[in-house]
Structures are given as structure tokens and as C-alpha cells.
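1. structure for the following, please:
(2 chains)
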Amino acid sequence: MRKVLLPSAAFLLMIFLWKVSIEVFEIPKFILPTPEAVWAAFFANFGSLVEALGATLKVTFIALSAAVFSGVMLALLFSLSRSFEMTFYPFAVVLQVTPIVSVAPLVLIWVGIDHVDRALVIIAWLAAFFPILANMSAGLRSVDRHLDDLFTLYGASRWQRFWRLSWPTAMPYLLASLKISGGLALIGAVVAEFVAGSGGATGLAWRILEAGNRLQVEKMFAGLVLLSLAGVAIFYFFTALEWFILRRRK
Amino acid sequence: MLKVRDLSFAYDGGAAVLDNISISLHDGELVSLVGPSGCGKSTVLRLVAGLLTPIGGEITWKTGQAPETGFVFQDAALMPWADVSKNISLPLSLRGQALDAKRLEETLGFVGLKGLETRYPQALSGGQQMRVSIARALAADAKLLLMDEPFGALDEILRFRMNDLMLALKAEQGWSGLFVTHSIYEAVYLSDRVLVMDAGRIAGEVTPGLDRTLAAADQRASKSFIDAARKVATILEAGSMVDA
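-> Have a look, this model is predicted:
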């Protein structure tokens, strides 16, 4: 109960302080709109905002699915060959540490001229890929040594060892990485839309950018709120999935 | 059951962990390996199980090939994603066989876990988890049980109970066992013979000869028990002296 009450109370207090600050400090509405104005803008533009959110979420989930598939597959290859891991892991690290904002324009030039959607997915994938690879690799390496011995003693095949030992061992690691990569895929999609600008992107970031250009600050806020809610929903969706799959292990 | 002759082992490029040790284990016999940490006790078990390859010597089996073997580790090493029945049936299921309901119930009965087959390991106490581990080792009708300090992490009262459970199971099922322990008293209480190890060698052998018709507490207080424990302790204190 406290888990719900405390953040709810903090949220209400924040709204109250926001409203009071605008009145006390006489902040112009084109700098900080009132909560009611944001609320009104949200409902006035509900259709277009939700449609734009749908486009952003589509990119997010395609990129996340690709990140899960590629991250898991590469982690499996790493677990099969130490040499392969030593050869290619540094490249994965390079992908992770290079700021996505600096890579995005290049991706848009290479891929996005004719297919902006593909460029957006690739950029969001770049953001989401590494945590899945790193966590899955760690998960596959954390097999219980004694269980591994038992599988050897009882003559387990390579497939049995993977499917009945390595995969379930790595599952908590994969689920934890989904909570991180889900949010990163959304951030990647938004960054990609900002960089793409008016070059064909139709997502929520583009709507926020468009509202900014027209000084519709309350609409920008409405878009940001929707984006935050989407991020929170993704996080709690994967938290619930993690709880459901691992509930008997706790 | 098995003969180990002049067995030697060293990890890659390292010093010898085992240096020409010879051990025999007769059918239905339980032999303990006792000694300080790092003396090579666990390595013997892993070599016998085929989990390691010796650099010298040989292991020969009475029947010509290794019998059905169960292994119990210090930690229960259970699959947290599987319930008790799936953990117990692991050895059979890896061979594409199923543990039938009657055999499962029988095995659970042996280790006092009836009614807990659908529980997950996290819902069991440490002692119950170890019982599942023992049940798993026995489920495939093991003729040889290799036990690597299986009760080392349990408190003393639970350890006494588990020792009695092992003796009852052995009497009922007739398997042979190699038992690694740090505890002189546990080794003496459980074993037909105690092999004392030191620095990769067998430093001595003691035969407790306890009267199994006595109650557990009386066995532990008997002269045979105390004499055997004293002999084991004397060998250990003498270091690598080969004398029983």
C-alpha cells in the first residue's frame, strides 16, 4: 500500500508546487504552462498524440525484438566459443559506448534516405542491444558448477545441457535486461525521431519537436507526459513478466 | 565394486593433487575419505565419477564398467526452476526415461519427503533440500553413491539425523558409497572404513567396527567409536605418516 501511496502523494505535491510556482513567480505560459493547460492540450490533441505514440511504440518493439533475438543469439555463440567472444565482444562494447546521438545521423544517411522506418529501428536497436547481450552472456556463464557436473555425470547431450540447464539459469538475467533495454529502445526510438526531424518520422518525438517549433509548450508537455507514461508502462510490463516467470524461484 | 590403483592427478601445469593413491571399495561398503582442506579428497570423487581424467593410474570396476552412480554435493545443487519431483527425476529424464509415480513416492518415502513433490526448492529447508539431493542420487537405482561433504553446511542436530538417514538408506538399498568429510566423528559413525588423506596421499586407514545393533547415541558413545576417532585424529596430527 505504501508503495502506491508514497509516490502518489509525491506526484500530487509536485503538481501543487508546479501550479503555485507559476502563480507566485508569474512564469509566462510559453515557458511553463499550468497543469490544467497541459491537461487540456492532452485531450485536445489526444488522437494525434496517441497515433504518434503508436508509431514510436511500433519502432520500439520491433527494435527491442531484434535486440532480444540478436543479443541472445550472440550470447549463445559467445558461450560456445571463448575465442569468438574475445574477438567480437570489444565491437559490442564499442556499439554501447558510442553515443547514440552521434551515430544516428550516419544511420539515417546510410539507410534512412529511402526507408526512414528502418533507420529508426536500427538506431533504437543500437540502444537496446548491449544490455541484453551482456546480461545473457553473464547468465549463460553462471550455471551452477555442481549442476553442470551432474549433467555430465548423467550423460546429458549438448542440447539438453542448453535447454534444461543454461537457458533456465540465464532466464533471470534476460528478464532483468528486458527491463533496462525496453526503456533504452524507447529512448533510442525517440532520439532517432528527433534526429530524423521532418524527414519522414511520424512518432511522438516528432510531434513534440513540431509543437516546440510552434511554441505550443503545453502540447510539448502533453507529449512528454505520454512518453514518460509509455516508458513506465514498458518497465512495469517487464517487471510483471519477470515476476510471473520467476515467481516460483523466489 | 571398484579398485583405484596408483592414481595421480594434477591440474594443468600445477603440482600433483593426488600422488599414486590406491583405494578399494567392496560391494555394499561405505568408505569415508577424511583429511584437511586441499588434500585431494574431492578430487578422488571427481575422478571416480569420470568428471576428471587422471594423469596416471587406473580405475577398474568389478563389473567391467562403471555402475549407475549418484553424486551428492555439499550444496544441494537443485534446479530452482523445477519442483521436487522434476529435480528427483533429473537423472532418468536426461536419458529419456520417466520416473513412475510409484518409484517417486517410494523414493520420497525413503528420504521423508512424502507430500512435498510439487514444492519448489526455495520453499524447502536446508535439510529438506539435501534430502531431495540424496533422493535424486538414488532415484535412478544407483549402485554407487559419491558424496562430497553433503552435510557440511548443516547444523549438528540435522547432521546427526542425516547421518542416520544415510545408514538406514544404505541398509535398505545396499549401495556402496565413497563419502568425503571434514568431520572425524561423521566419518567414524558412517563408515565401514575410514581413509585418512594428507597432501594427496592416503596417510592411514581405520576400521571403526561399530555395533550397528546399538542405538545411534550408544554407537556414538561406544569404545569402538572413541578408539576409531582417536586413531583417525592421531594419523591426522602426525601429518603424512602412513600408519593406522
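2. burial measure for B:N20, as a count.
-> Using other C-beta atoms under 10 Å in any protein chain shown, B:N20 is surrounded by 14 other residues. Using the backbone N, CA and C atoms, a C-beta is placed for each residue, glycine as well.
3. now it: closest residue in space that isn't a chain neighbour?
-> Nearest non-adjacent residue to B:N20, counting by C-beta to C-beta, 6 or more residues apart in numbering or on different chains: B:D6, 4.7 Å away.
4. just checking, what packs against the helix or strand that contains that neighbour?
-> Taking DSSP states H and E as the criterion, B:D6 maps to strand B:2-10. Using 3 or more C-beta pairs under 8 Å, 6 or more residues apart in numbering or on different chains; DSSP states H and E as the contact test, the elements touching strand B:2-10 are strand B:16-25, helix B:41-48, strand B:56-61.
5. the shortest one to strand B:16-25, inter-axis angle?
-> Here strand B:56-61 points in a direction 30 degrees away from that of strand B:16-25 (axes from the mean of the first three to the mean of the last three C-alpha atoms, to 10 degrees).
6. and B:S85, which of the helices and strands packed on strand B:2-10 is closest to it?
-> Among the helices and strands packed on strand B:2-10, the nearest to B:S85 by C-beta to C-beta is helix B:41-48 (26.7 Å).
7. picking up where we left off before, need the helices and strands packed on strand B:2-10 in CSV (columns: mean pLDDT).
-> As requested, those are exported to CSV (pLDDT from 0 to 100):
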stretch, mean pLDDT
strand B:16-25, 92
helix B:41-48, 94
strand B:56-61, 93
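8. winner for burial among these?
-> Among the helices and strands packed on strand B:2-10, ranked by average contacts under mean count of other C-beta atoms under 10 Å in any protein chain shown, first place goes to helix B:41-48 (a mean of 22).
9. where does chain A have low pLDDT?
-> Within chain A, the ranges that satisfy pLDDT under 70 run A:198-201.
10. do a quick rundown of the helices in chain A.
-> A:2-25, A:35-44, A:46-80, A:82-97, A:100-110, A:116-141, A:145-153, A:158-161, A:167-196, A:204-213, A:217-246 (DSSP state H).
11. sec struct for the residue of chain B found nearest chain A, please.
-> Using C-beta to the nearest C-beta, B:A77 is the residue of chain B that sits closest to chain A, at 3.7 Å. Three-state assignment for B:A77 (DSSP: H, G, I helix; E, B strand; the rest coil): coil.
12. the nearest residue to it once chain neighbours are set aside: how many residues sit nearby?
-> Excluding its sequence neighbours, the residue lying closest to B:A77 (C-beta to C-beta, 6+ apart) is A:H146, at 3.7 Å. Neighbour count for A:H146, taken as other C-beta under 10 Å: 18.
13. tell me who's in contact with A:V121.
-> A:59, A:62-63, A:66 (C-beta atoms under 8 Å, 6 or more residues apart in numbering or on different chains).
14. make it 6 Å
-> Contact partners of A:V121, counting by C-beta atoms under 6 Å, 6 or more residues apart in numbering or on different chains, are A:59, A:62-63.
15. and if you look at B:A98?
-> Contacts of B:A98 by C-beta under 6 Å, 6+ apart: none found.
16. so how far is A:A124 from the spatially most central residue of chain A?
-> Central residue of chain A (C-alpha atoms, centre = their mean): A:G183, 2.3 Å from the mean position. Using C-beta to C-beta, to the nearest Å, we find A:G183 at a distance of 11 Å from A:A124.
17. can I see the domain layout of chain B?
-> Following automatic domain parsing, one gets these domains for chain B: B:1-67+B:143-244, B:76-142.
18. what's the closest of those to A:W18?
-> domain B:76-142 (44.9 Å).
19. list, one by one, the residues from chain A near chain B.
-> For chain A, the residues in contact with chain B (C-beta under 6 Å from any C-beta of the partner chain) are A:144, A:146-147, A:149, A:152-154, A:156, A:160, A:168, A:248-249.
20. before we move on, back to that, for A:S228, find the nearest of the helices and strands packed on strand B:2-10.
-> Here helix B:41-48 is closest among the helices and strands packed on strand B:2-10 (C-beta to C-beta), at 54.4 Å.
21. which helices and strands sit right next to that closest one?
-> strand B:144-148, strand B:176-181 (3 or more C-beta pairs under 6 Å, 6 or more residues apart in numbering or on different chains; DSSP states H and E).
22. ok, now with 10 Å
-> On a contact count with 3 or more C-beta pairs under 10 Å, 6 or more residues apart in numbering or on different chains; DSSP states H and E, helix B:41-48 meets strand B:2-10, strand B:16-25, strand B:30-34, strand B:56-61, strand B:69-72, strand B:144-148, strand B:176-181, strand B:193-198.
23. how about those in a markdown table, adding distance to A:L32?
-> Output for the helices and strands packed on helix B:41-48, formatted as a markdown table (distance: least, C-beta to C-beta, whole Å):
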| stretch | distance to A:L32 |
| --- | --- |
| strand B:2-10 | 73 |
| strand B:16-25 | 72 |
| strand B:30-34 | 76 |
| strand B:56-61 | 80 |
| strand B:69-72 | 67 |
| strand B:144-148 | 67 |
| strand B:176-181 | 71 |
| strand B:193-198 | 77 |
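24. nearest to A:A37, of these?
-> For A:A37, the closest of those is strand B:69-72, at 69.3 Å, according to C-beta to C-beta.
25. I'd like the next helix or strand past the closest one.
-> helix B:84-88.
26. who does that next one touch, helix- and strand-wise?
-> helix B:101-110, helix B:126-139.
27. would you pull up the residue in chain A closest to chain B?
-> A:H146 (3.7 Å).
28. tell me how far A:F69 lies from A:L175.
-> For A:F69, the distance to A:L175 equals 16 Å [C-beta to C-beta].
29. what's the answer for B:N163, then?
-> 40 Å.
30. swap in A:R145?
-> Taking C-beta to C-beta, one finds A:R145 at 23 Å from A:L175.
31. can you check A:V94 too?
-> For A:V94, the distance to A:L175 - C-beta to C-beta - is 26 Å.
32. please say which of these two ends up with more neighbours.
-> Each of A:V94 and A:L175 has its neighbours counted (other C-beta under 10 Å); A:L175 has more, 19 against 10.
33. contacting residues for residue 153?
-> No chain specified, so I'll use chain A. Contact partners of A:L153, counting by C-beta atoms under 10 Å, 6 or more residues apart in numbering or on different chains, are B:46, B:49-51, B:66, B:69-71, B:91, B:94, B:137, B:146.
34. think we crossed wires, I meant chain B
-> Contacts of B:A153 by C-beta under 10 Å, 6+ apart are B:74-76, B:126, B:129-130, B:159.
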